[in-house]
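Participant: I'll drop the sequence and a predicted model, then ask my questions.
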Amino acid sequence: MDRLWLAVVAGVLQGVFEWLPISSEGNIAIYLTAVEGLSPSAATEFALFLHAGTALAATVYYRGEIGALLRTLPSWRPSAPGATPDLTFLGVATLASGVVGIAAYATLEELFPALAGGAFIVLVGLLLVATGVLQRLADARLGDRQEPTLFDAVLVGVLQGLAILPGISRSGTTVSALLLRGYDAQASFRLSFLLSIPAATGAGLLVLVDGVPTLSPATAAVAIAVSAVVGYLTIDALLRVVARVAFWAVCLGLGGIAVVGGALTML
């Protein structure tokens, strides 16, 4: 995969889709398999690898808040008076994400041989539909919960780990879970996006362990750079769009199209 233009297109898609609850990995994987002809395993690896770029964008965007959290780290204790609940939430949720994500990725690798062509697209479509249903359940839920609990951290961490599967939206599932737990929209998006930084970095590193065989060094560098720049430039605007658009319907629509299209290729 030495076509640098493909790295630019994929990087732009990742930079935009990552902030929308419609599964950036799933939609990019569908594009790479259906349009570019990549295998399901190569498409998923490439889509996961691109998360390193948007992790960099989110780190720069939230640099002030991250710096404040890191300054409390030397004296942090879970039960200490005045302990930062956000830091506990991020730590526990990241640990849960890592355990579940590695297990889900290993399972996915075992399934790749059986997911040739249309079967893979159908699977991604079904997971997109499931994401849309979850978002719809949380769409009208408003709450006033202020501080994340240990249960919230484990719940959101497990869901984020499962989002390594293409078609499951990381932001969509984690934000929906927080809304259902009683947090308002602003707090839900803030916690979800902070949690995306270690998760997206870990996803990129997890793929690197396998060597990203479909990417040349030049292609990898261009893809990461483009996804980082586009992600940083669009995060603020897209967060405002999320508050106005029913993305559960987008997930249902995209998922339905993927299921039908994938099924037709299998006939």
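Facilitator: Yes, it's here.
Participant: could you find the closest non-adjacent residue to residue 202?
Facilitator: residue 98 (6.2 Å; CB to CB, 6 or more residues apart in numbering). In this view, the C-beta of every residue, glycine as well, is placed from N, C-alpha and C.
Participant: next one: the one helix or strand that neighbour maps to to chain centre, how far?
Facilitator: Secondary structure from DSSP states H and E places residue 98 in helix 85-111. Between the centre of helix 85-111 and the centre of its chain there are 12 Å (CA atoms, centre = their mean, to the nearest Å).
Participant: on that earlier part again, residue 157 versus the residue nearest to residue 202, what's the distance?
Facilitator: 8 Å (CB to CB, to the nearest Å).
Participant: how about residue 163?
Facilitator: Going from residue 163 to residue 157 by CB to CB gives 11 Å.
Participant: quick one: which of those two has more around it?
Facilitator: residue 163 (29 against 26; other CB atoms under 10 Å).
Participant: for the stretch 1-150 of the chain, which segments count as strands?
Facilitator: In the stretch 1-150 of the chain, no strands are defined using DSSP state E, counting those that start in this stretch.
Participant: who's in contact with the spatially most central residue of the chain?
Facilitator: The residue lying closest to the centre of the chain (CA atoms, centre = their mean) is residue 170, at 3.7 Å. For residue 170, the contact set (CB atoms under 8 Å, 6 or more residues apart in numbering) comprises 23, 25, 160, 163, 192, 196, 199.
Participant: could you do residue 192 as well?
Facilitator: By CB under 8 Å, 6+ apart, residue 192 lies in contact with 156, 170-171, 174-175, 178.
Participant: rerun that using 10 Å as the cut-off
Facilitator: 21, 93, 156, 160, 170-178, 183, 199 (CB atoms under 10 Å, 6 or more residues apart in numbering).
Participant: by pLDDT, give me the weakest of those residues.
Facilitator: Within the set of the contacts of residue 192, pLDDT is lowest for residue 21 (69).
Participant: anything in contact with each of residue 163 and residue 157?
Facilitator: With CB under 10 Å, 6+ apart as the test, residue 163 and residue 157 both reach 97, 100-101, 174, 199.
Participant: neighbour count and distance to residue 11 for these - can I get that in JSON lines?
Facilitator: As requested, these are exported to JSON lines (neighbours: other CB atoms under 10 Å; distance: CB to CB, whole Å):
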{"residue": "97", "neighbour count": "28", "distance to residue 11": "24"}
{"residue": "100", "neighbour count": "18", "distance to residue 11": "27"}
{"residue": "101", "neighbour count": "24", "distance to residue 11": "22"}
{"residue": "174", "neighbour count": "27", "distance to residue 11": "23"}
{"residue": "199", "neighbour count": "24", "distance to residue 11": "19"}
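Participant: low-confidence ranges, the stretch 151-267 of the chain, go.
Facilitator: The stretch 151-267 of the chain contains residues with pLDDT under 70 at 185, 209-215, 238-248, 250-251, 253-255, 257-258, 261-262, 264-267.
Participant: helices along that one, start to end?
Facilitator: 170-180, 185-209, 217-242, 247-266 (DSSP state H, counting those that start in this stretch).
Participant: the shortest one: which residues count as buried?
Facilitator: The reference is to helix 170-180. When burial is assessed from 16 or more other CB atoms under 10 Å, helix 170-180 yields the following buried residues: 170-179.
Participant: do the same with the third one
Facilitator: By neighbour count, and taking 16+ other CB under 10 Å as the criterion, the buried residues in helix 217-242 are 219-220, 222-224, 226-232, 234-235, 238-239, 242.
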